[in-house]
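Colleague: turn this into a structure:
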Amino acid sequence: MDLRITNTYAIIDINDITSVDFSQVEQNSADTVRKSLDGLKFVLKWNVEPTFIADGTITPLQTLTHAECLALMATAEWSEEPIE
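Modeller: So this is what the prediction gives:
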């Protein structure tokens, strides 16, 4: 039996940030979420689906695995290009 906890990552519209109950996710507050460079989206992480997702208060733009989230965070939308 595999007992590892699998986290879920979700990309959320920034307009929904005030509806997040931070006691149900891994981030502590709106100040600790990872935001896209344009500031229009942010990432949430959880291992038990939060009630605000389950009841439709917030609908994620995308739901990702850890590997998918890492790949997305490496894109130009989420990370500054290295300075040469």
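Colleague: give me the mean pLDDT for stretch 8-21.
Modeller: Average pLDDT, stretch 8-21: 98.
Colleague: what's the span of it, first residue to last?
Modeller: With C-alpha to C-alpha, to the nearest Å as the measure, stretch 8-21 spans 16 Å from end to end.
Colleague: buried ones in it, by neighbour count?
Modeller: Residues of stretch 8-21 classed as buried: Thr8, Tyr9, Ala10, Ile11, Ile12, Asp16, Ile17, Val20 (neighbour count, 16 or more other C-beta atoms under 10 Å). Heads up, the C-betas are built off the backbone N, CA and C, glycines and all.
Colleague: again with stretch 26-33
Modeller: For stretch 26-33, using 16+ other C-beta under 10 Å, the buried residues are Gln27, Val33.
Colleague: how distant is it from the center of its chain?
Modeller: 10 Å (C-alpha atoms, centre = their mean, to the nearest Å).
Colleague: one more: stretch 29-40?
Modeller: 9 Å.
Colleague: run through who's touching it.
Modeller: 13-14, 17-18, 20, 22, 27, 41-44, 73, 76-80 (C-beta atoms under 8 Å, 6 or more residues apart in numbering).
Colleague: mind listing which of the residues you listed are in helices?
Modeller: Met73 (DSSP state H).
Colleague: could you look up the SS state of the residue lying closest to Ala76 once chain neighbours are set aside?
Modeller: The spatially closest residue to Ala76, leaving aside those adjacent along the chain, is Leu37, at 7.7 Å (C-beta to C-beta, 6 or more residues apart in numbering). Three-state call for Leu37 (DSSP: H, G, I helix; E, B strand; the rest coil): coil.
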